[in-house]
Every structure is written in C-alpha cells, then in structure tokens.
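Q: could you look at this predicted model? Sequence included:
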Amino acid sequence: MIKIKIIKILFISLIFFIFSNLSYADYSFESFKKKKVSYLDFFLLKTENNLFRRANIMRRQALPTRVQYSNISTTVEYDKKNDRINIDIYTIMDKTRYSKKKYVQKVKDCNQVRNLIFYNRTGYSFIKQKRKPDFSEGIMKEIFKEVFFSDFSFNEKEIEFLLNKMFVKVTILHPVYKKELTCLGKINDYELK
C-alpha cells in the first residue's frame with residue numbers, strides 16, 4: 001500500500017514537472033519573440049560576422065608577399081561616449097617566421113591589414129611596396145558599400161553618415177619582440193595613422 005502511494009506521488013510529481021517545464025519553455029520563446037533589437041545592433045552584428053569571415057584572407061600564404069599572421073581577431077561596437085562605431089582588428093605576426101627573420105612593423109602593414117580585410121586588396125605595389133595611387137578613398141568607399149551595405153536598405157545619406165562614424169583600429173603584435181604597433185583612422189581613409 002505504501003509503495004503504491006509513493007509511486008502515485010512520484011507519477012504526479014513527474015507529470016507536474018513535465019507540464020510546468022513545457023509551459024516555461026513556451027514562455028521563454030514568447031518572451032524572445034517580443035524583444036526588440038535595434039537596427040544599429042543588427043548592423044553591428046552583421047558587420048562583425050562579415051569581418052570574421054573576411055579575416056581568413058590574412059592567414060598564411062604559400063608564397064609570402066606580405067607580412068604573415070598567425071592570429072586575427074575583430075570586434076565591432078558602438079561607442080556611446082564618442083558617438084561612433086569602433087572596429088578593432090588585432091593581429092599577431094607568425095612566430096615561426098619572424099623569430100628567424102628580423103622585421104619591424106610599419107604603418108603600411110596596418111594599412112595592408114585593413115585593405116585586405118575590408119577591400120580584398122593590399123593597396124600597395126607588389127615589388128616596391130609603394131602605395132598605389134589608383135586605390136583611392138572613392139574606390140574604397142564603393143567597395144565597402146558593395147560588400148557591407150548590400151544587405152541593408154540604407155539610402156545614400158545614411159551610408160555617408162555611417163562611413164563618417166566608422167573608425168578602425170589595427171593592432172599588430174610582434175610575437176618575439178613583444179612590440180605592438182597600433183594605427184587608427186576612418187574606415188576609408190587613404191592611410192591610417
């Protein structure tokens with residue numbers, strides 16, 4: 001008799017537990033459906049996902065024609081204090097290559113990182129590594145609009161506003177000497193400083 005009562009209590013408890021969890025799960029998804037996400041948050045997330053995908057271009061090359069990197073990370077966030085969008089790109093030079101070969105980071109390396117990730121071009125000539133004058137701010141703007149604004153219904157004024165509010169900071173760490181080089185500028189500045 002006592003065993004039957006215990007089994008009934010356990011059975012009732014189990015049924016109650018199952019139904020209470022189902023209603024809780026429904027409540028949770030309903031609450032998520034009702035939450036509002038700002039268009040800016042959606043744009044920042046989409047931009048960060050795009051950058052994450054495009055950063056793979058910075059991986060090691062079979063025939064090195066630029067600085068080689070082992071790690072690349074990107075973050076995109078809205079800075080309320082300065083009322084702008086900050087894009088941080090953090091790279092670490094390849095340790096095996098640069099422990100044997102002496103190399104000091106240069107501003108052109110920051111520009112190449114930015115250019116490759118955002119525009120899929122280095123912006124520098126292959127042999128002399130001089131800045132290409134035909135890779136102008138106008139061309140960078142058009143490429144950026146095509147790649148990063150194509151999924152949105154922004155008009156020209158909104159695109160101009162966002163481009164003027166987007167700043168990129170590129171940090172390159174030398175893994176052997178532990179020296180950091182940081183460059184900052186607007187997303188489509190001719191050169192970062």
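A: Structure's in. What do you need?
Q: tell me the domain ranges of this structure?
A: What automatic domain parsing lists as the domains of the chain is 1-35, 39-186.
Q: is it possible to get a markdown table of these that adds mean neighbour count, distance to residue 193 and mean pLDDT?
A: The way it works is simple: take the backbone N, C-alpha and C, and place the C-beta from them, glycine included. A markdown table is the format used below for the domains of the chain (neighbours: other Cβ atoms under 10 Å; distance: least, Cβ to Cβ, whole Å; pLDDT from 0 to 100):
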| stretch | mean neighbour count | distance to residue 193 | mean pLDDT |
| --- | --- | --- | --- |
| domain 1-35 | 9 | 40 | 65 |
| domain 39-186 | 15 | 6 | 88 |
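Q: can you check which of those domains gets nearest to residue 192?
A: Closest to residue 192 of those is domain 39-186 (Cβ to Cβ; 3.8 Å).
Q: please name every helix or strand in contact with the helix or strand hosting residue 42.
A: For residue 42, the host element (DSSP states H and E) is helix 39-54. Under the contact criterion of 3 or more Cβ pairs under 8 Å, 6 or more residues apart in numbering; DSSP states H and E, helix 39-54 touches strand 69-79, strand 84-93, helix 107-119, helix 137-148.
Q: wait, which of those is closest to residue 129?
A: Per Cβ to Cβ, nearest to residue 129 of the helices and strands packed on helix 39-54: helix 107-119, 6.7 Å.
Q: for that closest one, which helices and strands make contact with it?
A: Partner elements for helix 107-119 (3+ Cβ pairs under 8 Å, 6+ apart): helix 39-54, strand 84-93, helix 137-148, strand 166-173, strand 180-186.
Q: restricting to C-alpha, output the helix or strand containing residue 97 in PDB.
A: According to DSSP H and E, residue 97 maps onto helix 95-100. What follows is helix 95-100, C-alpha atoms only, in PDB (Å, rounded to 0.1, in the frame of the first residue of the first chain):
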ATOM      1  CA  LYS A  95      56.000  33.400 -34.600                       C
ATOM      2  CA  THR A  96      58.000  30.800 -36.600                       C
ATOM      3  CA  ARG A  97      58.600  33.100 -39.500                       C
ATOM      4  CA  TYR A  98      59.500  36.200 -37.500                       C
ATOM      5  CA  SER A  99      61.700  34.500 -34.900                       C
ATOM      6  CA  LYS A 100      64.100  33.700 -37.800                       C
END
